[in-house]
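> have a look at this prediction, sequence included:
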Amino acid sequence: MTTIKGKRILLGMTGGIAAFKSAELARILVRAGVDLRVAMTEAATRFVTPVTMQALSGQTVWTDLWDARVPDNMAHIELSRDRDLILVAPASADFMAKLAHGLADDLLSALALARRCPLMLAPAMNVEMWDSPATQRNVLTLRDDGVVFAGPAAGDQACGETGMGRMVEPQQIAEEVEALFQPKVLAGKRVLVTAGPTEEPIDPVRVITNLSSGKMGYAVARAAREAGADVTLISGPVALPAPSGVARVSVRTAREMFDAVKAAVSGSDIFVSVAAVADYRVKSPAPNKIKKDSGRGRTLELEENPDILAWVAARPAPPLCVGFAAESEDVASNARAKRSKKKLPLLAANLAQRALGADENEITLFDERGEHPLGRGPKIELARKLMLHLAGMSAGRKRG
Ligand code: CTP
């Protein structure tokens, strides 16, 4: 989370059992280098003490509209003036109702009303409170006012009921904060991404596949979304949650992935093909589990799968196509050869042994202007650099 280092955030907490998760959120943000100031409503202090939040943020915690420690007694203005963001987590139904109507009868609501910076809410409440027409009306009003929402999520609730209204996990809230600060270099663009491996059945319980965790492709989808694009992610079988705000289509085989790409590609401005597509499939998968026949070998007859990226790149008016090449040796020369073979404007290459399953990667981009090393780092940070490069390439580009 290096991109939020040095950001000045005011963490507001309102009354709700999810307030205990805000302690973890504060730790994550402080560890990421955020200058964190905490303001709590009176109700929030019933759930978590200001002492806890002071210890975690390393700063004075503010609770009172009339706090005389603020020199000019303007706590409701001063405490948010130097902030880059006000993040309210948890945000109760009552607090959202106050915000929607511009009420400011306590420190946190006054700070929110007098702010000049963006406001993000992580709602937390009982499912019926979330679903109530009044809360839904308030959500619409707040969205119209430019307030950003992180969640809520669906699931088990502290009250024993199940449904929408859980506060999203602290790590996810921190990721939403990071996303908010990314430059919107792909605003208005439609980006299609493939990720993960494909699985080609041998019989009902066996497959041919490629080793691929999907992490790089998911990072690309997330970075594109953060950059303001409308993102569709076509994913082979992986154990990753869909990045927030991204439409995911799950597939299994290369042919399923091909069909999904064909259905989604028209209207896309950029196609980033990160999937490790199996080059071959078994010609006639067995309908039942193949039994071992000791002492005898077996031969599988394979046939070639469609090359999805090459097909997209060869369309009459293709989107800006990006290939990913995981090479095990000679990265640069293989990458150049692959780029010209598939007629790609851009190819991202890495050393397969280093990237597989890891959270880090090392990528070099190859385009018509030459070689651009992105360096080594977390996959999400490399993906963000890729978005900046793509924004530069797609500026002024006409499809086809
Ligand atoms: N790709 C694809 N469909 C395939 C095979 C690959 O869309 N059937 C895409 C990958 O998503 C990647 C790029 O093509 O963006 C390069 O994949 P790679 O497997 O490295 O290239 P190949 O052309 O298959 O070359 P080889 O396997 O011989 O290295």
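Done, it's in.
> what parts of the stretch 251-400 of the chain come near the ligand?
Proximity of the stretch 251-400 of the chain to the ligand (CB under 6 Å from any ligand atom) is limited to residues 254, 273, 275, 277, 279, 305, 307-309, 323-325, 338. Just so you know, the C-beta spots here come from the backbone N, C-alpha and C atoms, and that holds for glycine as well.
> how about those residues in a markdown table, adding secondary structure, pLDDT and neighbour count?
Below are these laid out as a markdown table (DSSP: H, G, I helix; E, B strand; the rest coil; pLDDT from 0 to 100; neighbours: other CB atoms under 10 Å):
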| residue | secondary structure | pLDDT | neighbour count |
| --- | --- | --- | --- |
| A254 | helix | 98 | 24 |
| S273 | strand | 98 | 28 |
| A275 | coil | 98 | 27 |
| V277 | coil | 98 | 22 |
| D279 | coil | 96 | 14 |
| N305 | coil | 98 | 18 |
| D307 | coil | 97 | 17 |
| I308 | helix | 98 | 24 |
| L309 | helix | 97 | 25 |
| G323 | strand | 97 | 24 |
| F324 | strand | 95 | 25 |
| A325 | strand | 92 | 20 |
| K338 | helix | 92 | 18 |
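> JSON lines please, covering the residues you listed and showing distance to V48.
JSON lines is the format used below for those (distance: CB to CB, whole Å):
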{"residue": "A254", "distance to V48": "50"}
{"residue": "S273", "distance to V48": "46"}
{"residue": "A275", "distance to V48": "44"}
{"residue": "V277", "distance to V48": "48"}
{"residue": "D279", "distance to V48": "54"}
{"residue": "N305", "distance to V48": "54"}
{"residue": "D307", "distance to V48": "55"}
{"residue": "I308", "distance to V48": "50"}
{"residue": "L309", "distance to V48": "50"}
{"residue": "G323", "distance to V48": "49"}
{"residue": "F324", "distance to V48": "44"}
{"residue": "A325", "distance to V48": "49"}
{"residue": "K338", "distance to V48": "54"}
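> which non-adjacent residue is nearest the residue in the stretch 1-150 of the chain positioned nearest to the ligand?
Residue nearest to the ligand within the stretch 1-150 of the chain: T3 (26.1 Å; CB to the nearest ligand atom). Closest residue to T3 in three dimensions, ignoring its sequence neighbours and counting by CB to CB, 6 or more residues apart in numbering: E178, at 5.7 Å.
> strands of the stretch 251-400 of the chain, residue ranges please.
Counting by DSSP state E, counting those that start in this stretch, the stretch 251-400 of the chain has these strands, from start to end: 270-273, 280-282, 302-304, 320-327, 346-351, 360-367, 370-378.
> could you redo those strands as CSV and give each row distance to A313?
Below are the strands of the stretch 251-400 of the chain laid out as CSV (distance: least, CB to CB, whole Å):
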stretch, distance to A313
strand 270-273, 8
strand 280-282, 21
strand 302-304, 17
strand 320-327, 4
strand 346-351, 11
strand 360-367, 14
strand 370-378, 20
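> need the winner for burial among the ones you listed.
strand 270-273 (a mean of 28; mean count of other CB atoms under 10 Å).
> helices or strands next to that strand in the packing?
Judged by 3 or more CB pairs under 8 Å, 6 or more residues apart in numbering; DSSP states H and E, strand 270-273 is in contact with strand 190-195, helix 215-226, helix 308-313, strand 320-327, helix 379-394.
> distance to P170 added to the ones you listed, as TSV?
Formatted as TSV, the helices and strands packed on strand 270-273 follow (distance: least, CB to CB, whole Å):
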stretch	distance to P170
strand 190-195	25
helix 215-226	17
helix 308-313	37
strand 320-327	31
helix 379-394	17
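> am I right that K289 is in contact with I202?
No. With contact defined as CB atoms under 8 Å, K289 does not reach I202; the gap is 9.7 Å.
> neighbour count winner among the two?
I202 (17 against 10; other CB atoms under 10 Å).
> which SS class is the more buried one?
What DSSP: H, G, I helix; E, B strand; the rest coil gives for I202 is strand.
> from K283, how far off is it?
Distance, I202 to K283, using CB to CB, to the nearest Å: 11 Å.
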